Structure formats: structure tokens, C-alpha cells
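J.: Need a 3D model of the following:
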Amino acid sequence: MYQPRKNTIIHGFFSWYIQYIIKKDFCLFNYDQVSLKTDSSVLILANHFSWWDGFLLFFINKKVFKKNFHVLVNAENYKKVGFLKYLGAFAAEHRGKDVLDTLNYAGNLLDDPQNLVLVFPQGKLYSNHVKSINFEKGVMQMINSSQKRINIVFAATFIDYFGKRKASAYTYLQNWENEEYISLQLLKSAYNKHYDNALMKQTEITE
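T.: Below you'll find the model as predicted:
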């Protein structure tokens, strides 16, 4: 598997740069504040529709969660976007056992309360206009390979222009108070309920 790499200078530069381009390219970035258990790690489950998704949530982590950021990406993006590995990106190098090892690695990351892991459960990019979010099975492998002391946070992001030249981004967050028993269907259902509520709030915005 491809693991994250540490370089304080590169990480510091891109942390600044991501904040800079968000401010430059968006006229507004609005996101929720959520309360978390401080002695537990954070697993963010988010919709995936654009190049911006990981960067927006990296910025939210910097401002809200303040954890060590990690994100599961595919091997193509890990290799193509060279700086991602210095921002906590990791990926499966091959199919089969390497995928399982990567998911177990993510579960081990979640055992450290200082860590945050971002996952896009859809597995690939979809339109920002889809009605529901599909979940790949690997999400449960990740959770089950951890000690399950996790804050599970749902994130739903939408982008609209309204009357502006630049877009406005809105990320709706919810800390899911999960049951002791978690199944893929339960997780998917709870996330999509949050997604529906977020979409409803988004459609009520006017200028």
C-alpha cells in the first residue's frame, strides 16, 4: 500500500495554500460546528463530487477538529497528485489483499484519538445532484478493524453560485451518535438521512 509521508515544510506550505485558494476561488465557505468526544478519533464520511472535496474538509479539520489529517484516495490520485501523500493521503497499491491491508491500516489509524480519517464511501466521483449516496463495503471493514472508539461525522457538501461570479460552498456536518452495533445498511441509512436534510437546507437558501 501507499502510505502517508511526513515533511513539515511541504505540509505547512500546502496547509497555507489550501486556505489561500479556498478564499480566492469561493466567495463563501460555510460549515457547521460540531461537538465531539475529545478522547476519540474522527472518521468523516463525505459525498464526493469534485476536485475540491478533500481540500474543503482538510480546511475544516484545521479550523474545527484539529486532528492529524488522513484521507483514503485511489492509487491513481496518490501517484498523480504528488503532494497528497504529505497531507495524509494513503491508498491501496494493488487489488485483493492490499485493499484489505489498506482498510485495516485505516482502522489502526482510528485507534489513535489524535487522528482523523476522511473517507468517500461512494468510492469515486458522482454528480453533486445525486439523490442518495451509495456505500462501498470497505467502510465497515475499516470500522470493524478498529477498537471502535470513534467519532463518526457525516459531511454533505454542496456548491451553488446564485448571483455571484464565484461559487459558495456549504458543508453540513453531523456527529452521528452511533449504536453499539453498526451495519453497512444502518450506516448508509443514517448518512443518507443527514444528506437529505442537508440538501433540503441547501435548497432553502436564497439571495
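J.: list the contacts for Asp169?
T.: You called it Asp, but residue 169 is Ala. Taking C-beta atoms under 8 Å, 6 or more residues apart in numbering, we find Ala169 in contact with 22, 26, 28-30, 52, 56, 157-159. Just so you know, the C-beta spots here come from the backbone N, C-alpha and C atoms, and that holds for glycine as well.
J.: Give me the pLDDT for it.
T.: You'll see Ala169 listed with a pLDDT of 97.
J.: Tell me the helix or strand right after the helix or strand it falls within.
T.: Here Ala169, judged by DSSP states H and E, is contained in strand 167-176. Scanning forward in sequence from strand 167-176 by DSSP H and E, the next helix or strand is helix 184-203.
J.: so how far is that next one from its chain's centroid?
T.: With C-alpha atoms, centre = their mean, to the nearest Å as the basis, helix 184-203 stands 15 Å off its chain's centre.
J.: ok, now stretch 193-207?
T.: Per C-alpha atoms, centre = their mean, the centroid offset for stretch 193-207 relative to its chain is 19 Å.
J.: Let me see the residues that make contact with that stretch.
T.: 47, 132-133, 154, 156, 158, 160, 162-163, 170, 172, 174, 176.
J.: Contacts only, for the spatially most central residue of the chain.
T.: For the chain, Leu118 is the residue whose C-alpha lies nearest the centre (C-alpha atoms, centre = their mean; 3.4 Å). Leu118 sits next to 44, 46, 54, 57-58, 61, 69-72 when contact means C-beta under 8 Å, 6+ apart.
J.: same question, Asn30
T.: Shown in contact with Asn30 (C-beta under 8 Å, 6+ apart): 168-171.
J.: low-scoring stretches of this structure, by residue?
T.: Flagging of the chain using pLDDT under 70 yields the residue ranges 179.
J.: just so I have it, where are all the strands in it?
T.: All strands of the chain, identified by DSSP state E, fall at 26-31, 41-46, 68-72, 89-90, 115-119, 150-160, 167-176.
J.: Now distance to Ser183 too, for the ones you listed, in TSV please.
T.: Shown next, in TSV, are the strands of the chain (distance: least, C-beta to C-beta, whole Å):
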stretch	distance to Ser183
strand 26-31	28
strand 41-46	14
strand 68-72	20
strand 89-90	25
strand 115-119	17
strand 150-160	13
strand 167-176	14
